[in-house]
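Novice: I'd like to go over a predicted model; first the sequence, then the structure.
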Amino acid sequence: MKFVISTQYLENYGAHCEDGKFSNGNAYWKFKNGSDYIVSGLTRIQDAVAFVMAKFGDNDLYGKEFPIKFQTFEQWEDELEAMDDSEYRDFIAGQAKEVSP
């Protein structure tokens, strides 16, 4: 079975020029793009989420990546097919990262 784990990335701009800490007033977080990870080789979606976060999830002062959506591969494909803009659909599909434990 295949699953698609979609993530969101946050970048701390304050960590680039200051220490980036909330306690010093230097944290400045901004949403950035995330990723779609197509996970194969697992039978449970919660295992796929845990695998993606263990392997690819950042969590430090400079950035954080976290899951925002998880679904079967078939559900993800259905969403892509429903998109009106074929160029954008192809871009999203082309950016997905195929991974497996």
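Specialist: Sure, I can see it. What you see is a predicted model; the values in this text were computed from it and never measured.

Novice: Show the pLDDT at Asp84.
Specialist: Looking at Asp84, its pLDDT stands at 93.

Novice: For it, the count of nearby residues, please.
Specialist: The local packing of Asp84 (other C-beta atoms under 10 Å) involves 6 other residues. Backbone N, C-alpha and C define where each C-beta goes, glycine included.

Novice: Confidence-wise, which helix or strand of this structure is lowest on average?
Specialist: helix 14-17 (a mean of 73; mean pLDDT, DSSP states H and E).

Novice: Quick check: next helix or strand after that one?
Specialist: Scanning forward in sequence from helix 14-17 by DSSP states H and E, the next helix or strand is strand 29-32.

Novice: ok, what's across the strand from Lys32?
Specialist: Tyr9 (DSSP bridges).

Novice: do the same with Gly63
Specialist: Beta-bridge partners of Gly63, as defined by DSSP bridges: Glu11.

Novice: And Glu87, which helix or strand is it part of?
Specialist: helix 86-95.

Novice: typed the wrong thing, it's Ile38
Specialist: strand 36-40.

Novice: can you tell me the distance between the two ends of stretch 59-75?
Specialist: 28 Å (C-alpha to C-alpha, to the nearest Å).

Novice: What are the buried residues along it?
Specialist: The neighbour-count check on stretch 59-75 (16 or more other C-beta atoms under 10 Å) flags Lys64, Glu65, Pro67, Phe70, Gln71 as buried.

Novice: So what's the residue count around the residue lying closest to Ile45 once chain neighbours are set aside?
Specialist: Excluding its sequence neighbours, the residue lying closest to Ile45 (C-beta to C-beta, 6 or more residues apart in numbering) is Phe3, at 5.1 Å. Phe3 has 25 neighbouring residues, counting by other C-beta under 10 Å.

Novice: before we move on, back to that, now, which of the buried residues of stretch 59-75 lie within strands?
Specialist: Mapping the buried residues of stretch 59-75 onto strands (DSSP state E) picks out Lys64, Glu65, Pro67, Phe70, Gln71.

Novice: Mind putting those into CSV with pLDDT and distance to Asp47?
Specialist: Formatted as CSV, those follow (pLDDT from 0 to 100; distance: C-beta to C-beta, whole Å):
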residue, pLDDT, distance to Asp47
Lys64, 92, 22
Glu65, 94, 18
Pro67, 96, 13
Phe70, 97, 11
Gln71, 98, 14
